[in-house]
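S.K.: mind looking at a prediction? Sequence and model below.
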Amino acid sequence: CCYLQEVIDSLAALCPCCCCADGRQPQGAALDSARQNLASTFVNAFVNAGFGQDKLVTVSSEQQSSGESVHWIFKNKDHGKTSATASLGLISLWDVEGGLPLIDKYLYSSDNAVVAGALLAIGLVNCGVQNENDPAFALISDYVSNTDPGVRSGAILGLGLAYAGTQREEVQELLVPLVLDSDMSMEVAGLAALALGLVFTSSCKEDVVEAILTALMSRGETELSSPWAKFLVLALGLLFLGKQDTVEATLEITKTLHEHISKYAQVVLDSLAYCGSGNVLKVQELLGLCGEHIETEEATVWKAVHQAPAVLGITLISMAEPIGSQMASRMLEHLLQYGEPLVRRAIPLALALLNVSNPGQQVVDALSRLSHDADTEVAQNAVVALGIVGAGTNNARLAGILRSLASYYYKEPTLLFLVRVAQGLAHMGKGLVGLSPYHTDKQLLSGIAVAGLLAVLTACQDLKATIGAKHHYLLYCLAAAMKPRMLLTVDEQLQLLNVPVRLGQAVDVVAQAGRPKTITGFQTHTTPVLMSSGERAELGTEKYIPLSPILEHIVILKPNPDYVETTT
């Protein structure tokens, strides 16, 4: 861990090539400039997330060099323009006043892909922020009924991200009709359901539950076999996130759904309802599903489709405490050796969920091994998992592995694109931002962060049809899980205070007598300071008293009335 003061020199915008150096460049027929530009767009967005400036999309035409007459957004093709424009939202993350003027002009573009990206960017800027003017709904709502499917998709996902966790009734009124309309494409219905899942996470909202169940009942076999049907199911699960027994009635209804989706829906609902509970019986049930050897052909792949969420379910239930996490890791190792192909493909994603922004040596080694797997889908998911595991850590060892993967896959456009995205994630926010859903010394779980992570992991179950095709903008769902990693101390007037803190590895002192040490191997730093996964901070002075028992993120300090200055 290093001081924020040491990295403050990084306030200058970083170029994507700084994070992707040393990889062999694709040559000849392997060269895909549109895909390369798209990769650079994502690297640039993640690396400069929250900094408000970069060297690609926020650069005005006057600032561009004389040889560069075309703006970066228009160097991308069709759907690539959507992600490039949306990257403005991630770069301006949490800065509504500063970000909206940058985005506004693109709403009036004649190119629908750019308009879709601008709507998504507005959602990203407002993600996790409460603004008294509430600009997101006013700007986005009219576009939800747009005739262009791309613009409509951007508006829907933008609304979902802007109001994640707010349970906003107006969003429900706008999006529920889109879920219920059987004439609507599965893509629009799936994104509308995902947006509702983000907005009403853990709410058990009855009207939304009924709408999604009705949509699943009214769709045909072909539509339920598409990747977007999984987003309808995910949204249903998010409504019951962490609610345990409350899900039972809905679970019974899912047993009556079409056989193509019924088992998948049951597993997802059960897994999400018991997220973080450590329920051993549920883990045993899911392990039994993972251990099944189901013989499938091309037309009957749906028979085993429930095994991937079962693998993720084991992780979701077990990840709340360290012993459960270790046991889940061992289970995944066994499944890797004996599991069916669909199970093996989900294992890298499960490892990522178990170690978000926590690049331990064992998990990085396991994913590095899987990234060279003979099964292309396992390798692709392993590369994405490496990015999530190292998200915002600037881990040097992980960065080296990703550079070697860039050289190894220089002739594989999709894998090279994913490696670049993983590199951007590893250096996310220049090391000042993380994705971990747990906070308050790992005692509390953020449902919104889990929802954002699961949206991306669900897309990775059908990577070829989603992130690997035209729907790469789903990666921006990670914005729901982003939060700063630094510890800031302020006084009662919210003015920055620089005080000494001891930062070290956390020690479990539950049920120990007396006042045992809660950290080990500590160093004394002056705030603000960066905190990595598994670290804990203690105040290094008696001059102030913290108003919260756990030192994380922003901590308010008040003067200690009993403090006496000692002179040496």
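M.R.: It's in.
S.K.: spatially central residue in this structure, please.
M.R.: Residue closest to the average C-alpha location in the chain (C-alpha atoms, centre = their mean): Leu478, at 2.6 Å.
S.K.: give the contact list for that one.
M.R.: With contacts defined as C-beta atoms under 8 Å, 6 or more residues apart in numbering, the neighbours of Leu478 are 391, 425, 435, 452-453, 456. (C-beta placed from N, C-alpha, C; glycine too.)
S.K.: and which of those residues is nearest Thr222?
M.R.: Proximity of those to Thr222 (C-beta to C-beta) peaks at Val456, which lies at 25.3 Å.
S.K.: return the subset of the contacts of Leu478 lying in helices.
M.R.: Among the contacts of Leu478, the members falling in helices are 425, 452-453, 456 (criterion: DSSP state H).
S.K.: dump the residues you listed to a markdown table, plus neighbour count, pLDDT and distance to Gly150.
M.R.: Putting the ones in helices among the contacts of Leu478 into a markdown table (neighbours: other C-beta atoms under 10 Å; pLDDT from 0 to 100; distance: C-beta to C-beta, whole Å) gives the following:
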| residue | neighbour count | pLDDT | distance to Gly150 |
| --- | --- | --- | --- |
| Leu425 | 29 | 92 | 25 |
| Gly452 | 27 | 92 | 22 |
| Leu453 | 25 | 93 | 25 |
| Val456 | 23 | 93 | 20 |
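S.K.: how many residues are close by Val301?
M.R.: 13 (other C-beta atoms under 10 Å).
S.K.: let's see stretch 288-302 as CSV, backbone CA atoms only.
M.R.: Taking Å, rounded to 0.1, in the frame of the first residue of the first chain, the C-alpha atoms of stretch 288-302 are listed here in CSV:
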residue,chain,number,x,y,z
GLY,A,288,-24.7,-32.0,-6.3
LEU,A,289,-25.9,-30.1,-9.4
CYS,A,290,-22.3,-29.3,-10.5
GLY,A,291,-21.4,-33.0,-10.1
GLU,A,292,-24.0,-34.2,-12.5
HIS,A,293,-22.7,-35.7,-15.8
ILE,A,294,-25.4,-34.7,-18.3
GLU,A,295,-25.1,-36.0,-21.8
THR,A,296,-26.0,-33.2,-24.2
GLU,A,297,-26.0,-32.6,-27.9
GLU,A,298,-26.1,-29.4,-29.8
ALA,A,299,-30.0,-29.3,-29.7
THR,A,300,-30.1,-30.3,-26.0
VAL,A,301,-27.5,-28.0,-24.4
TRP,A,302,-30.2,-26.4,-22.3
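S.K.: contacting residues around it?
M.R.: So stretch 288-302 is contacted by 225, 259-261, 267, 303-304, 306-307, 310-311, 314, 335, 338-340, 343 (C-beta under 8 Å, 6+ apart).
S.K.: which among these count as buried?
M.R.: 225, 260-261, 267, 303-304, 306-307, 310-311, 314, 335, 339-340, 343 (16 or more other C-beta atoms under 10 Å).
S.K.: among those, which are in helices?
M.R.: 260-261, 267, 307, 310-311, 314, 335, 343.
S.K.: now, among these, which is nearest to Val179?
M.R.: Ile261 (14.9 Å).
S.K.: tell me the confidence at the closest one?
M.R.: Note on Ile261: pLDDT of 88.
S.K.: how about it: what's its closest non-neighbour residue?
M.R.: Leu224 (4.6 Å; C-beta to C-beta, 6 or more residues apart in numbering).
S.K.: the one you found touches Lys263, doesn't it?
M.R.: No: look at Leu224 against Lys263 with C-beta atoms under 8 Å: they stay out of range, at 11.8 Å.
S.K.: tell me which strands and helices the helix or strand harbouring His79 is in contact with?
M.R.: Taking DSSP states H and E as the definition, His79 sits inside helix 78-91. Contact partners of helix 78-91 among helices and strands, from 3 or more C-beta pairs under 8 Å, 6 or more residues apart in numbering; DSSP states H and E: helix 33-47, helix 96-104, helix 112-125, helix 149-162.
S.K.: rewinding a little: is it possible to get JSON lines of the ones in helices among the buried ones among the contacts of stretch 288-302 that adds distance to Tyr106?
M.R.: What follows is those, written out as JSON lines (distance: C-beta to C-beta, whole Å):
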{"residue": "His260", "distance to Tyr106": "39"}
{"residue": "Ile261", "distance to Tyr106": "37"}
{"residue": "Val267", "distance to Tyr106": "40"}
{"residue": "Gln307", "distance to Tyr106": "42"}
{"residue": "Ala310", "distance to Tyr106": "42"}
{"residue": "Val311", "distance to Tyr106": "40"}
{"residue": "Ile314", "distance to Tyr106": "43"}
{"residue": "Leu335", "distance to Tyr106": "45"}
{"residue": "Val343", "distance to Tyr106": "43"}
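S.K.: out of these, which comes closest to Leu174?
M.R.: Using C-beta to C-beta, Ile261 comes nearest to Leu174 of these, at 25.2 Å.
S.K.: now do the contacts for the spatially closest residue to Ala385 that is not a sequence neighbour.
M.R.: Leaving aside its sequence neighbours, Ala385 sits nearest to Ala352 (C-beta to C-beta, 6+ apart; 3.6 Å). Shown in contact with Ala352 (C-beta under 8 Å, 6+ apart): 367, 384-386, 388-389, 457.
S.K.: 7 Å instead?
M.R.: Counting by C-beta atoms under 7 Å, 6 or more residues apart in numbering, Ala352 touches 385, 388-389.
S.K.: just the ones of the residues you listed in helices?
M.R.: Going by DSSP H, the helices hold 385, 388-389 from the contacts of Ala352.
S.K.: so which residues of the stretch 401-550 of the chain form strands?
M.R.: Residue ranges of the strands in the stretch 401-550 of the chain, as given by DSSP state E, counting those that start in this stretch, are 433-434, 438-439, 444-445, 483-484, 486-490, 500-506, 519-526, 529-530, 535-539, 544-546.
S.K.: buried sites along the longest one?
M.R.: Using 16+ other C-beta under 10 Å as the test for burial, strand 519-526 gives 519, 522, 525.
S.K.: among the residues you listed, find the lowest-pLDDT one for me.
M.R.: Among the buried residues of strand 519-526, pLDDT bottoms out at Ile519, giving 77.
S.K.: rewinding a little: tell me which of the ones in helices among the buried ones among the contacts of stretch 288-302 is nearest to Ser533?
M.R.: Ile314 (20.5 Å).
S.K.: read off the pLDDT value for the closest one.
M.R.: In this prediction Ile314 is given a pLDDT of 92.
S.K.: I'd assumed Leu286 was in contact with it.
M.R.: Yes: Ile314 is within contact range of Leu286, at 5.1 Å (criterion: C-beta atoms under 7 Å).
S.K.: pretty sure the residue nearest to Ile261 sits against Leu257.
M.R.: No: using C-beta under 7 Å, Leu224 is not in contact with Leu257, being 8.1 Å away.
S.K.: where does this protein have low pLDDT?
M.R.: 1-32, 60-70, 298-299, 567-568 (pLDDT under 70).
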